[in-house]
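Asker: Any chance you could fold what I've pasted below:
(one chain, ligands or ions: 1)
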Amino acid sequence: MDTGLENVVAAETVLSDVDGQNGRLVIRGWPVEMLAASMAFEDGAHLLWQGMFDTLPDVRALGARIGAARADVFAHVAEIPDGLDVISFLRVGWAMLPDDESLDAAIRLSAAGAVFTAAAIRRARGEAPIAPDPDLSHAADFLRMLTGRVPDQAEARALDAYLVTVCDHGLNASTFAARVVASTRAGLVSAAVAGLSALKGPLHGGAPGPVLDMIDDIGAPENAEAWIDGALGRGERLMGFGHRVYRVRDPRADALKAAVARLPGTSGRIRFAEHIERAVLGRLAKKYPQRKLETNVEFYTALLLEALGLARDAFTPVFACGRVLGWTAHAREQIGEGRLVRPRSVYRGPVPVPA
Ligand code: CMC
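Answerer: Just a heads-up that it's a prediction; the model follows:
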């Protein structure tokens, strides 16, 4: 038995390959660094959904359908109750969408990610939601729906880089959850809601907010070592470090660091983060000499999303806006397997007393 299932192979996939020994991530034949440097959200959707649906339009037409779907799902925003945090708002909003296994369902989920996340953030700030502009790119419209202004190209490119960098990552916890639900034939919406529910945990996609808390708490380079020693001494995990699969640096960390660096005005923040990163890695190496704990995707995610003006409680929902492409693609791949996922457990409870 393997409680964390780390040595269990539970699916065959053509979607992505995580090489934990060599720190490589390949998504449908593309190294993640190339994806991050050149692809937009719409390209990522096209890449992951190819072959997963009977028909898939070309990238331009797919982008137009995602844009139109943003406009369609906006009507649901008014139906989502007040008082929800950003992730719950997204979960409730997604759950309102028609649940089936079609390309339209995948498109609606992807479109709604940006619409509901932006609306949730604005509502939390006491601001009215902004209606989508279907003619903008998905990333540009996402930022416009947040701020009310069309972003410059560098900002939209940075968000695209983030969304495609996190669009898929092997059989991580949320993708596995999505595949299990899809195997029951519950529909893509149910699979995505399950994925989101798994993603929100701090050991998976909930880490970038706490990463920023750590950076802010440390405050100045000279405080780093003492702060880290204090946290490790209390048995805390340092967010943005360590990974179940990677034994070397997570390749997404540098892809995202490069994306932050392309944004003007970020060099000071990057230098400070690098200082903290070096200090953490030094301390972790000392504490766990046998176990290589390296920087993961969440560390530079925090810096990138902060630079784009996102509040930290929106980080995980924005992660979900990228990962929904992978969840829907995996869900379709699992449906294609035609087999319900149903592992077994070993019973350790009391046995009935003989009569
Ligand atoms: N800070 C301090 N100690 C750590 C950390 C960390 N970030 N990561 C692992 N350890 C310790 C861990 O407590 C364990 O110590 P002990 O044996 O004394 O209990 C030892 O290192 C070995 O842990 P492991 O087997 O490598 O841990 P795992 O595979 O169960 O956990 C992890 C992987 C990502 C949950 C963990 O590294 C962690 O909690 N990191 C912080 C949270 C984080 O950054 N999460 C985002 C993950 S990347 C996004 C994604 O792809 O999902």
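
Asker: And the ligand, is stretch 270-280 touching that?
Answerer: No. Using CB under 6 Å from any ligand atom, stretch 270-280 stays clear of the ligand, with a minimum separation of 7.9 Å. C-beta: built from backbone N, CA, C; applies to glycine.

Asker: So which bits of that stretch are buried?
Answerer: Residues of stretch 270-280 classed as buried: 270, 272, 273, 276, 277, 279, 280 (neighbour count, 16 or more other CB atoms under 10 Å).

Asker: go on, stretch 209-224?
Answerer: Those would be 209, 210, 211, 212, 214, 215, 218, 224, for stretch 209-224 by 16+ other CB under 10 Å.

Asker: Excluding chain neighbours, give the residue nearest to residue 228 in space.
Answerer: Sequence neighbours aside, residue 283 is the residue nearest to residue 228 in space, at 4.9 Å (criterion: CB to CB, 6 or more residues apart in numbering).

Asker: contact partners of the helix or strand that contains that neighbour?
Answerer: Assigned by DSSP states H and E, residue 283 belongs to helix 267-287. Applying CB atoms under 8 Å, 6 or more residues apart in numbering, the external contacts of helix 267-287 come out as 214-215, 218, 221, 224-225, 228-229, 232, 238, 240-242, 257, 260-261, 292-295, 299-300, 303, 306-307.

Asker: can you check stretch 129-149 too?
Answerer: Here stretch 129-149 has contacts from 40-42, 63-64, 66-68, 70-71, 74, 77, 110-111, 114-115, 117-119, 121-123, 150-151, 155-157, 159-160, 163, 308-310, 321, using CB under 8 Å, 6+ apart.

Asker: tell me the average confidence for that stretch?
Answerer: Stretch 129-149 comes out with an average pLDDT of 97.

Asker: Mind listing what's buried along it?
Answerer: 129-130, 132, 134, 136-147.

Asker: taking these as a set, which two sit the farthest apart in space?
Answerer: 129 and 137 (19.3 Å; CB to CB).

Asker: At the contact with the ligand, which residues of the stretch 201-350 of the chain appear?
Answerer: 203-204, 207, 237-244, 288, 291, 293, 296-298.
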